[in-house]
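> quick one: sequence plus predicted model below, questions after.
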Amino acid sequence: MNTYETFAPEETFELARHLGERLTGGEVIALEGELGAGKTLFVKGLAAGLGAAGPVTSPTFSLLHIYEGGRLPLFHFDVYRLPSSQAIEELGYEEYFYGLGVTAVEWSDLIKEYLPKEYLLVRIAHFYREDKKEARRLELIPYGEKTEEMVEELKKNDCTGN
Ligand SMILES: Nc1ncnc2c1ncn2[C@@H]1O[C@H](COP(=O)(O)OP(=O)(O)OP(=O)(O)O)[C@@H](O)[C@H]1O
Ligand SMILES: [Mg+2]
């Protein structure tokens, strides 16, 4: 299983950073998980892995942040407040989803029908360890061959994988 458990925000960030280092462009990373699961933190880790600084533009009321200055641009959508799934068309999503950069989508379950054939689904869930410390379980579910390979590579290099 491509499941990881993290016991601190830094561990989630690090996992995402490792993934970010492996991105070559054209990837779509779909994030599912309840409020406060760690989706935004994961995207920040991806940006760090790409060598990008903070988001430089927020053209559409925070529905889309763009991280530039890294190896590849990172387009960060948060579609939680999208009035309907079709509204993503007005954001020109195709340019990002099918472009040369990397796209991350928080609350991707809301726009499922717009996701490309190949993407990486990251499911994040809260859980509590025996000592009641809050933790997160991250499930990486690849769709498509290239994404499968990426997840396998990540597994080889990360000791939190099981
Ligand atoms: N193991 C962990 N992994 C990730 N975040 C953690 C962990 N433990 C605690 N946290 C905390 O959980 C919060 C996650 O916040 P974040 O904004 O990334 O969530 P989100 O899924 O984007 O929420 P929203 O749905 O509101 O956008 C942060 O405050 C972070 O410090
Ligand atoms: Mg968020």
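Arrived safely, thanks for sending. Ligands and ions are numbered 1, 2, ... in the order given.
> was I right to think residue 51 contacts residue 68?
No - using CB atoms under 8 Å, residue 51 is not in contact with residue 68; the gap is 10.6 Å. For the C-beta atoms, the positions are set from N, CA and C on the backbone; glycine is no exception.
> please report the distance of the residue lying closest to residue 13 once chain neighbours are set aside from residue 153.
Leaving aside its sequence neighbours, residue 13 sits nearest to residue 45 (CB to CB, 6 or more residues apart in numbering; 4.2 Å). In this structure, residue 45 and residue 153 are 16 Å apart, going by CB to CB, to the nearest Å.
> which strand or helix spans the residue of the chain most remote from its centre?
What lies farthest from the middle of the chain is residue 131; by CA atoms, centre = their mean that is 28.6 Å. Following DSSP states H and E, there is no helix or strand that holds residue 131.
> for the one 4 residues further on, same thing?
In this structure, residue 135 is located in strand 134-143 according to DSSP H and E.
> which SSE is immediately downstream of that strand?
helix 145-157.
> which secondary structure elements does that following helix sit against?
Applying 3 or more CB pairs under 8 Å, 6 or more residues apart in numbering; DSSP states H and E, we find helix 145-157 packed against helix 9-22, strand 119-128, strand 134-143.
> hmm, the helix or strand following the first one in reach of ligand 1?
Moving toward the C-terminus from helix 9-22, the first helix or strand encountered (DSSP H and E) is strand 28-32. No - applying CB under 6 Å from any ligand atom, one finds strand 28-32 out of contact with ligand 1, separated by at least 7.4 Å.
> pull up the residues of the protein that are close to ligand 2.
39, 40 (CB under 5 Å from the ion).
> interface residues of the chain facing ligand 1?
Selection of the chain residues close to ligand 1 by CB under 6 Å from any ligand atom yields 6-9, 11-12, 33, 35-41, 106, 134-136.
> which among those residues end up buried?
6, 11, 12, 33, 37, 38, 39, 41, 106, 135, 136 (16 or more other CB atoms under 10 Å).
> taking the residues you listed together, which two end up most distant?
Spatially, the most separated pair among those is 106 and 135, at 20.1 Å (CB to CB).
> quick one: contacts for residue 106?
When contacts are counted by CB atoms under 8 Å, 6 or more residues apart in numbering, residue 106 touches 31, 39, 40, 43, 76, 77, 78, 79, 80.
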